[in-house]
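Participant: Dropping a prediction and its sequence here:
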Amino acid sequence: MKAEYINSFLESAMTVIEQVCQIRPETGQLGLKDIKFVENYIWIQIGLNGQMSGDIVFGLSEEVALKLISAMMGGFAVSELDEMGRSAISELGNMISGNASTRLYNQGVIVDITPPKVMHSAQAAGFKERKALTVPLFLHGIGQLDIQVLIAS
């Protein structure tokens, strides 16, 4: 997977989060790092098929997920990750990935995405540690959301 492909996901995430949450994210440094799935995190996994294959994974702490869901719901306080919250955070990952696949298509790269899977623990994610292109997004007043593109082996 080419490093420049992550830009489509980054630009999409910036646009979607700004539209849905009225927050303009700031980007951190792009890097290649070992992804270690830790507990007390929410993982949104979306598969990529076509001219690109692999996974896009959005990782965020439970605390950040609750604040993000609250922002998506117009400021309504959310104190637990219930079915509605899981649906909202799943849809956020879906909107970002769908928008990114359209951007990639416009660049001549055909890619399909799978429906999002929301996982609440490292064990449920079922991932082994491996390398990923990673960009953190900093959401003012909310926290950090990591965009991780897992390179197909």
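Facilitator: Yep, it's here.
Participant: Can you name the element that comes right after the longest helix seen in the chain?
Facilitator: Of all the segments of type helix in the chain, defined by DSSP state H, the longest one is helix 83-106. Using DSSP states H and E, the helix or strand that follows helix 83-106 in sequence is strand 111-113.
Participant: For that following strand, buried residues please.
Facilitator: Using 16 or more other Cβ atoms under 10 Å as the test for burial, strand 111-113 gives Val111, Ile113. The C-beta positions use only the backbone N, C-alpha and C, and glycine is treated the same way.
Participant: which other helices and strands contact that strand?
Facilitator: strand 41-50, helix 83-106 (3 or more Cβ pairs under 8 Å, 6 or more residues apart in numbering; DSSP states H and E).
Participant: Give me the contacts around the shortest one.
Facilitator: Yep, that's strand 41-50 we're talking about. 37, 54-62, 65, 81, 89-90, 92-94, 97, 109-122, 124-125 (Cβ atoms under 8 Å, 6 or more residues apart in numbering).
Participant: Equivalent analysis for stretch 100-109, please.
Facilitator: Counting by Cβ under 8 Å, 6+ apart, 5, 8-9, 11-13, 50-52, 56, 110-113 sit against stretch 100-109.
Participant: filter those residues to the buried ones?
Facilitator: Tyr5, Ser8, Phe9, Ser12, Ala13, Met52, Ile56, Val111, Ile113.
Participant: Count residues in the vicinity of the residue nearest to the last one when sequence neighbours are not counted, would you?
Facilitator: If the residues on either side of it in the chain are set aside, Ile113 comes closest to Ser97, at 4.8 Å by Cβ to Cβ, 6 or more residues apart in numbering. Residues near Ser97, counting by other Cβ atoms under 10 Å, number 26.
Participant: Okay then, goodbye and thanks.
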